Structure formats: structure tokens, C-alpha cells
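>>> need a 3D model of the following:
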Amino acid sequence: MIKGLLVKPYELPKEIEFENTLEAKQHLVGGYIECVYPEKDSSVVFICNEEGKINGMKHNRDIGYDVIYGPFLILGDDYDNGDFKSLTENQILKYKMRFDKNSIIETENKITALRMSNFRSHDYER
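Numbering: from 1, shown residues only. Below you'll find the predicted structure:
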């Protein structure tokens, strides 16, 4: 069993415990998995649906250099063994704070701004 956080669109992170299998991770994110690493923290990994942006999943959280679509997991990165591990209590607290209610609002604002800039760039060009 492994302990991590599950972050769903428009929801606060939820502590979960599940079997450390590929199938369990795929079930939790709704498809094939992709590992994404947060800026400035190589001790954790975000596991998301690799097709989340193209298969119609809702935008979830801005992670600085990208926006994750669909649910994602936050787990410890066990680089030495090429696997994942449970989050520590400090990591759980850190990422619950990182992906709080404000992060939902900030992501929504970023998506809205991107849509508006895209709309303006195509605004009645002839």
C-alpha cells in the first residue's frame, strides 16, 4: 500500500491509500499515466492522465509551467528504486496548502485569461 494525495478538479486534495500498481494509478487518473515533476521539488511526482488535455477532462491545477487536466496523484519519488513511495506528513501538509482553494481560483483565472487572449488574437481577422 502507498499513501498519497488525490487532487480532483475543483476539489481540495484528499489523502488516500491504495495499492502501488499501475492499474490502481490508471484507475485513479482515468487512463494512461504520465509523470510530471513540480518545479523546485524533486522529492515528489504528480501522476496525471497523459491524454487529459485532449480527451475533454476538466482543467485542474496550474503547476507553474503547465496546467494539469483531470485528476492527479501526488506521490513520493523513489528515484533510486525507479518507483513511487508514500508521501511524508510534511509533504502531505505542503501539497494540501499548495493546492488549496486559492489554487483553484488562480487556475480558473489563468484559463480564462488564456481563452481571452486566444479569442482576441483571432478576433475577426480578415
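>>> what is the rounded mean pLDDT of stretch 48-62?
Averaging pLDDT along stretch 48-62 gives 95.
>>> mind checking the end-to-end distance for that stretch?
Counting by C-alpha to C-alpha, to the nearest Å, you get 13 Å between the two ends of stretch 48-62.
>>> got the buried residues for that stretch?
The neighbour-count check on stretch 48-62 (16 or more other C-beta atoms under 10 Å) flags Cys48, Asn49, Glu50, Glu51, Gly52, Met57, His59, Asn60, Arg61, Asp62 as buried. Where C-beta positions appear, they are placed from N, C-alpha and C, glycine not excepted.
>>> just the closest of these to Ile111, please.
Nearest to Ile111 among the buried residues of stretch 48-62: His59, at 5.3 Å, using C-beta to C-beta.
>>> please name the residues that touch the closest one.
Residues in contact with His59 (C-beta atoms under 8 Å, 6 or more residues apart in numbering) are Pro9, Val67, Ile68, Tyr69, Thr107, Glu108, Ile111.
>>> disregarding residues adjacent in the polypeptide, which is nearest to the fourth one?
Once its chain neighbours are removed from consideration, Tyr69 has its nearest residue in Gly52; the separation is 3.5 Å (C-beta to C-beta, 6 or more residues apart in numbering).
>>> I figured that neighbour hits Ile68, correct?
Yes. Here Gly52 reaches Ile68: they are 6.8 Å apart, a contact under C-beta atoms under 8 Å.
>>> where does the chain dip in pLDDT?
For the chain, the stretches flagged by pLDDT under 70 are 118-126.
>>> quick one: contacts for the spatially most central residue of it?
Nearest to the mean C-alpha position of the chain, counting by C-alpha atoms, centre = their mean, stands Phe72 at 4.2 Å. Contacts for Phe72 (C-beta under 8 Å, 6+ apart) come out as Leu6, Val7, Val29, Val36, Phe46, Ile47, Cys48, Asn49, Asn60, Arg61.
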